[in-house]
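Colleague: following is a predicted model, sequence given first.
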Amino acid sequence: MVKLKTGIERFDNFIGGGIESGSRNILYGPPGTGKTVLAMQFLWQGLLEGEVVAYDVMDKPFPRLISYFRSFGWDISPFLENGKFIAIQAFPHSEPYLKDPRVIYFSLNDFKEMKRIDALLSQKNVTRFVAGDFSEQLFSIYDLKYMEPVEDWTINWSHFDNITNIDIMTKATQKDIATQRATDLDFNKAHNIFFFRFNEEKCRRELRIVKIEGCNHPLGWLPFEITGKGIKMLVK
């Protein structure tokens, strides 16, 4: 079982050396709890190790994402130029603003196009893929009869092409039945699930390893901080 390091030393120790290659993962929690930073750090570690990585930037303008990476000292510009960092965007582009030539655009409504993009990433030997930030309600927009084969395809694509796939999902403050059913589908299909929260009483961010295949792991909430160099665990 090949493990890919996250670049967060103590976290990697908790999860048996890293996140399994070919696995489907969910980072889940409220806004501002560190989900995106962990995902970015995971991609940056891959770049440092010479891998090809991809990011579905969703609703973020790509230049803003580049700046977000740079704020931690992670300059992805050279990796964009040499094809090691591939950016895609799953939502239709907003007119009249110009499309970013560095981004591959497609729509989640087009399953065939989505599979074509995934195949393209495989051809480019991508080993790490991050999608997000999704709002939890987004999944409830789509019929489960549509989403289930999409989820099954994603799992097969990740597994057989050895791509570690991470979805960043923002927790809804209120849920209707459709949202809950969609989230349940996503959780039930995932190999590994990580919850994030802000502990109001202790005024700190925490994460919990809800599910991870193939290793023993702590069950409680693990405190961490976001520093100028990314995430730092506060427990040994």
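Modeller: Ah, there it is.
Colleague: just checking, Leu4 touches Leu43?
Modeller: No: proximity of Leu4 to Leu43 does not meet the contact threshold set by C-beta atoms under 8 Å, at 10.4 Å. Heads up, the C-betas are built off the backbone N, CA and C, glycines and all.
Colleague: what sits in contact with each of these two?
Modeller: Taking C-beta atoms under 8 Å, 6 or more residues apart in numbering as the contact rule, the neighbours common to Leu4 and Leu43 are Arg128.
Colleague: show me where this structure dips below the pLDDT cut-off.
Modeller: Along the chain, the parts satisfying pLDDT under 70 run over 139.
Colleague: can you pull the buried residues of the longest helix seen in the chain?
Modeller: Longest helix of the chain, by residue count under DSSP state H: helix 144-160. Of the residues in helix 144-160, those with enough neighbours to count as buried (16 or more other C-beta atoms under 10 Å) are 147, 150-151, 154-155, 157-159.
Colleague: angle of the longest strand along the chain against helix 144-160?
Modeller: Looking across the chain with DSSP state E, the single longest strand is strand 126-135. Following axes from the mean of the first three to the mean of the last three C-alpha atoms, to 10 degrees, one obtains 150 degrees for the angle between strand 126-135 and helix 144-160.
Colleague: pairing partners for strand 126-135, with directions?
Modeller: strand 52-56 (parallel), strand 164-170 (parallel) (DSSP bridges).
Colleague: in CSV: those strands, plus mean neighbour count and distance to Glu81.
Modeller: Listed next are the strands paired with strand 126-135 as CSV, based on neighbours: other C-beta atoms under 10 Å; distance: least, C-beta to C-beta, whole Å:
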stretch, mean neighbour count, distance to Glu81
strand 52-56, 24, 13
strand 164-170, 24, 24
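Colleague: closest to Gly22 out of the ones you listed?
Modeller: When these are ranked by distance to Gly22, counting by C-beta to C-beta, first place goes to strand 164-170 at 6.8 Å.
Colleague: picking up where we left off before, now render the strands paired with strand 126-135 as a markdown table, adding distance to Gly18.
Modeller: As requested, the strands paired with strand 126-135 are arranged in a markdown table below (distance: least, C-beta to C-beta, whole Å):
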| stretch | distance to Gly18 |
| --- | --- |
| strand 52-56 | 14 |
| strand 164-170 | 9 |
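Colleague: looking at the ones you listed, which is closest to Ser122?
Modeller: The closest approach between Ser122 and any of the strands paired with strand 126-135, judged by C-beta to C-beta, belongs to strand 52-56 at 10.1 Å.
Colleague: what's the closest one in contact with?
Modeller: For strand 52-56, the surrounding residues in contact (C-beta under 8 Å, 6+ apart) are 43, 46-47, 65, 79, 83-90, 121, 124-132.
Colleague: buried among those? Need that as a selection in PyMOL.
Modeller: Typed into PyMOL, the next command selects the buried ones out of those (criterion: 16+ other C-beta under 10 Å):
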select buried, resi 43+46+47+65+79+84+85+86+87+88+89+90+121+126+127+128+129+130+131+132
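Colleague: quick one: the helices in this protein?
Modeller: Under the criterion DSSP H, the chain carries helices at the ranges 9-14, 35-48, 62-70, 77-81, 111-123, 138-141, 144-160, 177-189.
Colleague: out of those helices, which gets nearest to Val103?
Modeller: When those are ranked by proximity to Val103, the top entry is helix 62-70, at 5.3 Å, counting by C-beta to C-beta.
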